[in-house]
Each structure stands twice: as C-alpha cells, then as structure tokens.
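K.L.:
Give me coordinates for this.
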Amino acid sequence: MQLGNLIKNRWVRKFIGYIIGAAIMIAVTYKAGFPPLFILVFNMYAFACFIFYIIIDLPPIKMLMGLRAFIYFAILIALSAGFYTGVAAILPQFDPEVEMGEFRKPPVKLSALSGPEAIKAGEGVFKMQKCSNCHKFKDMGTSMRGPNFDLWQIGLSDEEFLKKSIVDPRAEVPKGFEDEKSKTAMPTYFGEEISEDELGALIAYLKTGWSKEAMPVTGKEDAGPMVRWDEDPDMIALGKKVFEGNLYSGLNCGGCHGRDGVPLMEGARDLRNPDSVSKRPGREGKKLKDWTDADWFDSVSKGLPETAMMPWLEQYPPRAIWLAIVYAKGFSKGKK
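P.N.:
Residues are numbered from 1 along each chain as shown. Here you go, the predicted structure:
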C-alpha cells in the first residue's frame with residue numbers, strides 16, 4: 001500500500017519517467033555509434049535540465065516585491081548557474097594550450113623523417129584532422145559514417161588508392177556506402193588542407209593497418225553482414241589474377257599448384273583436397289579444411305623450408321598474399 005501511494009506521487013512518477021527516458025536515450029545513442037564521451041556529456045546535461053525543471057515546477061511562493069524579490073531572483077540564478085557550472089566542471093575539459101599547440105606545430109617534412117617517425121607523424125595528422133569521428137582505426141573512434149579501417153584492413157590498399165580516397169572521395173564510393181548520406185559524408189577539402197608531406201605521413205600510418213590473423217572484409221558495419229574477401233566475387237576475381245601470375249610480376253601460384261588446382265610440381269600441395277595435411281612445424285597433420293585464416297596466411301607468407309614454397313611476404317605486399325589465398329581456398333571447396 002505504501003509503495004502504491006509512493007508511485008502515485010507526481011514527483012516520483014517524473015523521476016521514474018526520467019530514468020526510463022535516459023535509459024532509452026543511452027541505448028539508442030550507443031547503438032548509433034556515438035562516442036562514450038558524447039553519451040556521458042549529453043546525459044549529464046539532460047539530468048541538469050531535469051533538475052532545473054523540478055525547481056521551476058515547485059509550488060509557487062507568495063508574491064514578493066522590491067528588494068526581497070530581487071534577492072530571491074538572484075539566488076535562483078546563482079543556484080542555476082552554479083549547478084550547470086558544477087556539472088560542466090566535472091566533465092573532461094579541453095586544454096586551450098594543448099589545442100593551440102596542435103595548430104602551432106610546424107608542417108610535417110617527410111624529407112626529415114623515416115620509417116617509424118613518418119608513421120608517428122601520420123598518426124598526428126589522423127588525430128588532428130579528426131578522422132576518428134568517422135573511421136575506427138587501431139580501436140580508436142567510430143565507424144558509423146565511414147568504413148571501419150580495422151575490419152577493412154585499410155593498410156592492404158595501395159598508396160594511390162588511399163591518396164585518391166582522401167583528396168577525391170567522390171571518385172570511387174566504397175561498398176556499403178552507396179546511399180546519398182554516406183557518399184557525401186567524406187569532406188572534399190582535405191586535398192587543400194593537408195600538405196603533400198602530411199598526406200604522405202598519413203598514408204604511411206594507414207598502411208600499418210592490416211592483419212595476418214583474419215580475412216579482410218568490406219561493407220558497412222551497421223548495415224547487415226559485412227562481406228569477407230573470400231566471399232566477394234570482385235576480390236575473388238582479383239585473387240585469380242594474382243594466383244595465375246597476372247597481377248604481380250614473378251608471383252605465380254599456378255606455376256606449381258596448377259591453374260586448375262592440379263599440382264604441376266612434385267611436392268606441391270593439392271589444393272583440391274580438403275583432407276591434405278600440413279607439414280609445417282607446430283601444425284603437422286592439420287587438414288586443409290580445418291585451416292584458419294591465420295594458418296593460410298602463415299603458410300603463404302612464410303613458405304616451407306626445404307621445399308619450393310617461398311616466403312612470399314619477403315617479396316610482395318600483404319595484399320598480394322591475401323588475394324592469392326582468397327582464390328586458392330576455393331579449390332578445396334569445389335568453387336573452381
């Protein structure tokens with residue numbers, strides 16, 4: 001009975017309504033991919049507005065006049081301003097000196113940088129241009145507006161493609177982002193705002209974004225299942241060119257394994273046989289049909305000692321390795 005009376009209290013009902021509304025708002029913004037900091041700030045200010053609403057909805061006091069009215073009014077303003085200022089004070093703050101320091105940084109000069117230094121400078125350009133507002137990379141940022149660079153493994157893209165995608169983003173729309181909102185999300189002014197040296201450093205940083213553990217994917221993260229390269233007809237067609245020696249000079253898997261999967265060289269693995277077992281130390285006896293993406297990459301990239309299987313990653317980019325694997329995997333699945 002007491003609980004029923006408590007729930008009937010209009011102030012309790014308002015508080016319960018606020019809690020339900022806040023929970024819904026947190027769930028929706030989280031699902032939409034808003035940064036956690038935004039969700040925190042938004043809900044703290046929403047709570048501040050709720051408290052202010054409670055204050056102004058309190059029962060009216062008797063009419064005041066003159067100096068007493070002015071004092072009460074000043075107290076109300078001071079309490080309101082103090083409450084909002086207090087809420088803002090406990091939130092993460094931008095340091096003006098840090099922000100100005102970013103603007104005062106001298107332009108990146110690649111002529112003075114090498115390897116890790118260029119990559120570090122590129123990371124600075126990535127952060128300065130707020131790329132993480134639209135792309136997730138190195139587990140940083142959100143990918144609700146643009147491709148998830150971690151899942152896409154952006155580092156597998158060639159430098160010319162990356163450069164064109166940054167300075168002329170409308171030229172080629174990535175898969176899954178063909179809708180009008182997505183097509184226009186990428187700004188077109190980076191070609192003017194980013195110097196050639198900064199662009200080179202940024203690309204050097206992006207080129208570090210690849211993995212030897214999992215197959216790359218394409219598509220939009222929140223628009224249905226993303227597509228693995230080995231299930232994408234376009235990537236399989238590219239993989240065929242690599243496998244048959246028509247894309248990278250000197251890289252011809254078909255020369256030993258056969259264009260149709262029938263081995264041409266003694267000792268070459270029969271890629272058509274899913275029960276073919278591995279000879280690699282640490283993976284002996286593991287059947288081809290049970291290989292993980294990482295197993296495939298390991299075999300192709302490192303080769304096999306005392307055999308004709310070369311360590312191809314020493315001579316070719318990781319993109320070439322993954323493309324060759326994309327096509328080679330199809331033989332044991334009867335897709336050729």
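K.L.:
For M63, see how far away the residue nearest in space to the middle of the chain is.
P.N.:
In the chain, the C-alpha closest to the average C-alpha coordinate belongs to K136, at a distance of 2.2 Å (C-alpha atoms, centre = their mean). For K136, the distance to M63 (C-beta to C-beta, to the nearest Å) stands at 58 Å. C-beta coordinates here come from the backbone N, C-alpha and C atoms, glycine included.
K.L.:
Tell me the secondary structure at D298.
P.N.:
Local secondary structure at D298 is given as helix here, using DSSP: H, G, I helix; E, B strand; the rest coil.
K.L.:
Let me know the pLDDT of it.
P.N.:
Looking at D298, its pLDDT stands at 93.
K.L.:
Look at it and say how many residues are nearby.
P.N.:
Counted with other C-beta atoms under 10 Å, residues neighbouring D298 total 19.
K.L.:
Okay, buried residues for the helix or strand harbouring L76 please.
P.N.:
Assignment of secondary structure by DSSP states H and E places L76 within helix 66-89. Counting neighbours by 16 or more other C-beta atoms under 10 Å, one finds that helix 66-89 has no buried residues.
K.L.:
what sits up against that helix?
P.N.:
Outside of helix 66-89, the residues that reach it under the criterion C-beta atoms under 8 Å, 6 or more residues apart in numbering are 44-45, 47-48, 51-52, 55, 61, 64.
K.L.:
Ok, stretch 144-159 next?
P.N.:
Applying C-beta under 8 Å, 6+ apart, the set of residues contacting stretch 144-159 from outside is 32-33, 133-139, 143, 162, 165, 174, 176-177, 182, 185-186, 203, 206-211, 216-218, 220-222, 226, 317-319, 322.
K.L.:
And for stretch 233-243?
P.N.:
Counting by C-beta under 8 Å, 6+ apart, the neighbours of stretch 233-243 from elsewhere in the structure are 218, 229-230, 247-248, 251-254, 259, 320, 323-328, 330.
K.L.:
Where strands are concerned, which of those residues count?
P.N.:
Among the contacts of stretch 233-243, the subset assigned to strands under DSSP state E consists of T218.
K.L.:
now stretch 121-128, how far from the chain's geometric center?
P.N.:
Here stretch 121-128 is found 15 Å from its chain centre; the criterion is C-alpha atoms, centre = their mean, to the nearest Å.
K.L.:
ok, T29 - contacts?
P.N.:
If you count contacts by C-beta under 8 Å, 6+ apart, T29 has them with 38-39, 42.
K.L.:
Rounded mean pLDDT for whichever strand or helix holds it, please.
P.N.:
Here T29 is covered by helix 10-31, with elements defined by DSSP H and E. Per-residue pLDDT over helix 10-31 has a mean of 81.
K.L.:
Stretch 36-53 too?
P.N.:
pLDDT averaged over stretch 36-53 gives 79.
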